[in-house]
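Participant: sequence plus predicted model, see below.
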Amino acid sequence: MSENCSDATADTLLAKVVDPTNEGKNKTEECSNGKRKSRYIKTAVLGAGYLTMGFNLTILGLAIPSLAQNINVTIDKVAPVIISRGGGYLLGSIAAGVLDGMIDIHLTLIASLMCMSCFLVFIPMATNTVWLFIVTALNSIGLGAFETIGNVYCLHLWGPKVAPFLQFIHFCYCFGCAVTPVLAKPFLNEIERSNVTTAAVETLNYEVQYIEGTSIPYLSIIYIIMAIIGMLVAMLFVCLKLFTKLKNGNAQREQKRKKEKKSFRYSILCFLFLLYFVYIGAEVGFITYLYTFAISDVPGMRYSKDSATDMSTVNYVSVAVGQFCSIILAKKFSAKVLLVLDVIVLLLSTILMLCLPLYATSAPVLFWIGVGISGFAAASIYGMAFVWAEKYIVVNGRAASIFIVGGALGEMVLPIPVGQLIESFPMSFLYFSFGYIMLLTVLMFVMFLFASRYSIRAAQENGSSSLY
């Protein structure tokens, strides 16, 4: 029905002349309702895609110890897989940004989902680190492309009303992150502890599990399940491609983009590039190594596989709750207000976790609280930064690609020192997390100060000297 509503304005004018009984008006309203329902359906399918993306991104952090044991290497040898994932993410994002406007957006979404799902199956089957890095990079090409074009797809669907719907699709991503530890727990390698008397320290061993009668790691089962879900979502996008069409406002948005002052646009893009570099890098480092930190020999930790997985679940559930709340808050508060609140609470929660040695034995629950608050505060930063940028500039595929490339580079660079030091010096996990969040706080406030002085586009459109 939505495809037949392009002439709704003409129908309304014609109804005033030939339809005094208002039947034309009713037809127009019916078309409008049909168009709205179509957009809701497309948003729901997009949310399912982000759910799949949450599976893909989260499973790696939980599986790193098991993957290392499967190929008989230490965790620090597997840690560079984060770099390969970030490299694939970067390539996928650049490709999606270049293709935006050149091919149908549905085809890009379908291809990216197929790419991430097909290569996801082979990650736990890698027999050495080289193959692990290659397959992970190929899987991440699909992730980067879907992440980039998915945000633009949502902007095309909803325009100025995008804020709550953008938060919704990222809530689906967070929900996927939250349920992944629960789904993955039965398939992770069991942890055994043994004392090394010569070093007087406790070390961790893992009992490699295989599917009965095969040499395929038991871990592969959860990867296969997640890949099948991704394939099903790709089929839903195929149906959208065949039976609906996206009426986007590319031409109108491009006209607005050409009216923007180039120096202002490039400055905003530069700030957002740095923001996503630090934010994504810090979040990926925290999410990826939280499980490893929880099972390490530090004050108050030394958890079993189940307890460490539960801690990861707490983090992901809090992220999902925070993202859900942001859907409601996005209707009542500006993006700037929510971003300021997010970064302040995130900084305070990081300080609480950093004080772990002070309360490790007396009140270890405080660390769990810090993990939960951190996830809650960080949840909406990603989507709100997109909304904030859209208030000042037109966020097309290339602009979104710049943001995602920044995040991909951050994902490649910032977790490196954590991965290299976490086995020998577990507290480095908290020290680096605190440093990254401090950098994010400073960067965000500088960005706001710059934009408040040079909000030319907002002043022209809203008739005011300041957007907020």
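Facilitator: Arrived safely, thanks for sending. Numbering: from 1, shown residues only.

Participant: residues touching residue 216, list them.
Facilitator: 125, 210 (C-beta atoms under 8 Å, 6 or more residues apart in numbering). From N, CA and C alone the C-beta is placed, and that goes for glycine too.

Participant: try residue 100
Facilitator: With C-beta under 8 Å, 6+ apart, residue 100 has these contacts: 108, 148, 149, 152, 396, 397, 398, 400, 401.

Participant: now those residues in JSON lines, with neighbour count?
Facilitator: Shown next, in JSON lines, are the contacts of residue 100 (neighbours: other C-beta atoms under 10 Å):
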{"residue": "108", "neighbour count": "24"}
{"residue": "148", "neighbour count": "32"}
{"residue": "149", "neighbour count": "29"}
{"residue": "152", "neighbour count": "26"}
{"residue": "396", "neighbour count": "18"}
{"residue": "397", "neighbour count": "25"}
{"residue": "398", "neighbour count": "17"}
{"residue": "400", "neighbour count": "25"}
{"residue": "401", "neighbour count": "27"}
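
Participant: all strands of this structure, in order?
Facilitator: Using DSSP state E, the strands of the chain run over 190-196, 201-207.

Participant: rank those by mean pLDDT and give me the bottom one.
Facilitator: Note on the strands of the chain: lowest mean pLDDT is at strand 201-207, with a mean of 50.

Participant: ok so, going back, just the closest of the contacts of residue 100 to residue 267, please.
Facilitator: The closest of these to residue 267 turns out to be residue 398 (C-beta to C-beta; 15.8 Å).

Participant: from memory that closest one sits against residue 97, does it?
Facilitator: Yes - applying C-beta atoms under 8 Å, one finds residue 398 in contact with residue 97, separated by 4.7 Å.

Participant: quick one: common contacting residues for those two?
Facilitator: By C-beta under 8 Å, 6+ apart, no residue touches both residue 398 and residue 97.

Participant: count of residues packed around residue 449?
Facilitator: 10 (other C-beta atoms under 10 Å).

Participant: run through the helices of the stretch 251-400 of the chain in chain order.
Facilitator: 262-294, 305-329, 335-354, 356-359, 365-378, 381-392, 397-413 (DSSP state H, counting those that start in this stretch).

Participant: dump those into a markdown table; add distance to residue 70 and mean pLDDT as well.
Facilitator: Putting those into a markdown table (distance: least, C-beta to C-beta, whole Å; pLDDT from 0 to 100) gives the following:
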| stretch | distance to residue 70 | mean pLDDT |
| --- | --- | --- |
| helix 262-294 | 16 | 86 |
| helix 305-329 | 15 | 83 |
| helix 335-354 | 30 | 91 |
| helix 356-359 | 30 | 85 |
| helix 365-378 | 27 | 90 |
| helix 381-392 | 31 | 84 |
| helix 397-413 | 23 | 82 |
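
Participant: and of those helices, who's closest to residue 165?
Facilitator: Closest among those, once you apply C-beta to C-beta, is helix 305-329, at 8.4 Å.

Participant: low-confidence bits of the protein, can you list those?
Facilitator: By pLDDT under 70, the low-scoring segments of the chain are 1-34, 191-208, 244-260, 299-301, 455-468.

Participant: which helix runs longest in it?
Facilitator: Using DSSP state H, we find that the single longest helix of the chain is helix 23-70.

Participant: angle of that helix against helix 397-413?
Facilitator: 20 degrees (axes from the mean of the first three to the mean of the last three C-alpha atoms, to 10 degrees).

Participant: how far off centre is helix 23-70?
Facilitator: 13 Å (C-alpha atoms, centre = their mean, to the nearest Å).

Participant: what of stretch 422-437?
Facilitator: The chain centroid and the centroid of stretch 422-437 are separated by 22 Å, computed with C-alpha atoms, centre = their mean.

Participant: mind listing what's buried in it?
Facilitator: Within stretch 422-437, the residues that count as buried by 16 or more other C-beta atoms under 10 Å are 422, 423, 426, 427, 428, 429, 430, 432, 433, 434, 436, 437.

Participant: adding distance to residue 369, write those out as JSON lines.
Facilitator: As requested, those are exported to JSON lines (distance: C-beta to C-beta, whole Å):
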{"residue": "422", "distance to residue 369": "22"}
{"residue": "423", "distance to residue 369": "26"}
{"residue": "426", "distance to residue 369": "20"}
{"residue": "427", "distance to residue 369": "19"}
{"residue": "428", "distance to residue 369": "22"}
{"residue": "429", "distance to residue 369": "17"}
{"residue": "430", "distance to residue 369": "15"}
{"residue": "432", "distance to residue 369": "21"}
{"residue": "433", "distance to residue 369": "16"}
{"residue": "434", "distance to residue 369": "16"}
{"residue": "436", "distance to residue 369": "20"}
{"residue": "437", "distance to residue 369": "17"}
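
Participant: pull the most distant pair out of those residues.
Facilitator: 423 and 437, at 23.0 Å, using C-beta to C-beta across those.

Participant: tell me how far the residue nearest to residue 132 when sequence neighbours are not counted lies from residue 188.
Facilitator: Distances taken as C-beta to C-beta, 6 or more residues apart in numbering place residue 126 nearest to residue 132, at 3.8 Å, with adjacent residues excluded. With distances taken as C-beta to C-beta, to the nearest Å, residue 126 is found 16 Å from residue 188.

Participant: ok, residue 210 next?
Facilitator: 14 Å.

Participant: re earlier: which of the contacts of residue 100 lies closest to residue 60?
Facilitator: Nearest member of the contacts of residue 100 to residue 60, counting by C-beta to C-beta, is residue 148, at 19.5 Å.

Participant: residue contacts, the residue nearest to residue 132?
Facilitator: Counted by C-beta under 8 Å, 6+ apart, residue 126 has contacts 67, 70, 71, 132, 135.

Participant: possible to save the residues you listed as a markdown table with distance to residue 91?
Facilitator: Converted to a markdown table, these look like this (distance: C-beta to C-beta, whole Å):
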| residue | distance to residue 91 |
| --- | --- |
| 67 | 22 |
| 70 | 26 |
| 71 | 24 |
| 132 | 18 |
| 135 | 14 |
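
Participant: now, which of those sits nearest residue 412?
Facilitator: Using C-beta to C-beta, these come closest to residue 412 at residue 132, 15.6 Å.
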